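[1] please find the sequence and the predicted model below.
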Amino acid sequence: MAQHDTTPKTVFRITELSPHRPLGFNLRPDNATMERIRVHLDLIALRKLSFTGELHSEGKHDWRLDARLGATVVQPCVVSLDPVTTRLDEDVSRLFVADMPQTPESDEIEMPEDESVEPLRDTIDLEAVMIEALTLALPDYPRRNEAELEQRTFTPPGAEPIKDEETKPFAGLAGLKQKLERDE
C-alpha cells in the first residue's frame, strides 16, 4: 500500500509561483511539528498554532506576504515560574525584495526603516516565517497577575538593614548635596 505525504507544502520556489495568481495558504502544523517548535522556543506548551494568509507578486520581481498568526502559548512566569497562558493573534507582513540594498561591510549596520522588508531568495519558507513571527510575538517577560517578588532582608546580627533608597546611585549624591549646603 502506497503511503501519501499529507504534510502541506511550506517551501515554495519563486519560479513555481504565478505572478498573476496569489497563493493562499493555511498552515496548521501537526503535533510533531508543534512539539519541535515548542522545544525550539523553550515553551511549556504550544496550542492552536495557525498561520493563514496570501503570498502575491509585488511589482515585477518582489513578493508580498500578508498573513494572520494565531497561537496559544504557555510560558513560565518570570517571578514565580508558574505557567502563564497567552493568546496571540498577530498580523504578519513581509516584503521579499529582489534588489535589496547592499549593507556596508562593517561592524555597524543601520536598521532599515521598514523591518518587514527581507531579501528575496530562491525560495520562500512559510513555516520559517511563521516561527519567526511567533518568536517575535511572544511576551518577553510573561507574568501572572498575582505574582509578586517577596521582600527579604539579609543583615548580620546587630547591623541596620539597607533601605532601597540607599542602593540607588543618586541617593548618595542627594545626601552629599544636602551636607554641602549645610556646611556653607
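    Cool, got the structure.

[2] relative to Leu136, how far out is Phe25?
    19 Å (CB to CB, to the nearest Å). Glycine gets a C-beta too; all of them are placed from N, C-alpha and C.

[3] the more surrounded of the two?
    Phe25 (18 against 11; other CB atoms under 10 Å).

[4] any idea how far that one is from Thr15?
    Taken as CB to CB, the span from Phe25 to Thr15 is 18 Å.

[5] and Arg144, by the same measure?
    49 Å.

[6] now do the helices in this structure.
    All helices of the chain, identified by DSSP state H, fall at 31-40, 126-137, 164-167, 169-183.

[7] Thr123 touches Val11, doesn't it?
    Yes: applying CB atoms under 8 Å, one finds Thr123 in contact with Val11, separated by 5.3 Å.

[8] which one of these two has more residues nearby?
    Thr123 (15 against 11).

[9] so who does that one touch?
    11-14 (CB atoms under 8 Å, 6 or more residues apart in numbering).

[10] apply 6 Å and report the result again.
    11, 13 (CB atoms under 6 Å, 6 or more residues apart in numbering).

[11] what residues are bridge-paired with it?
    Thr123 has the following beta-bridge partners by DSSP bridges: Arg13.

[12] so what pLDDT did it get?
    Note on Thr123: pLDDT of 90.

[13] going forward, the N-terminal residue is numbered 39.
    New numbering, starting at 39: the last item is Thr161.

[14] measure it to Pro177 for me?
    Thr161 is 31 Å from Pro177, where distance means CB to CB.

[15] cool, Leu61 as well?
    Relative to Pro177, Leu61 is positioned 31 Å away (criterion: CB to CB).

[16] of the two, which one has the most company?
    More crowded of Leu61 and Pro177, by other CB under 10 Å: Leu61, with 17 against 12.

[17] how much space between the nearest residue to the more buried one once chain neighbours are set aside and Val112?
    Of all residues beyond its chain neighbours, the one nearest Leu61 is Leu93 (4.5 Å), with distances taken as CB to CB, 6 or more residues apart in numbering. Leu93 is 30 Å from Val112, where distance means CB to CB.

[18] more crowded one of the two?
    Higher neighbour count among Leu93 and Val112: Leu93, with 21 against 15, using other CB under 10 Å.

[19] dump the residue contacts of the residue nearest in space to the middle of the chain.
    Closest residue to the average C-alpha location of the chain: Leu174 at 1.5 Å, with CA atoms, centre = their mean. Leu174 makes contact with no residue, according to CB under 6 Å, 6+ apart.

[20] please apply the same query to Thr173.
    If you count contacts by CB under 6 Å, 6+ apart, then Thr173 has nothing around it.
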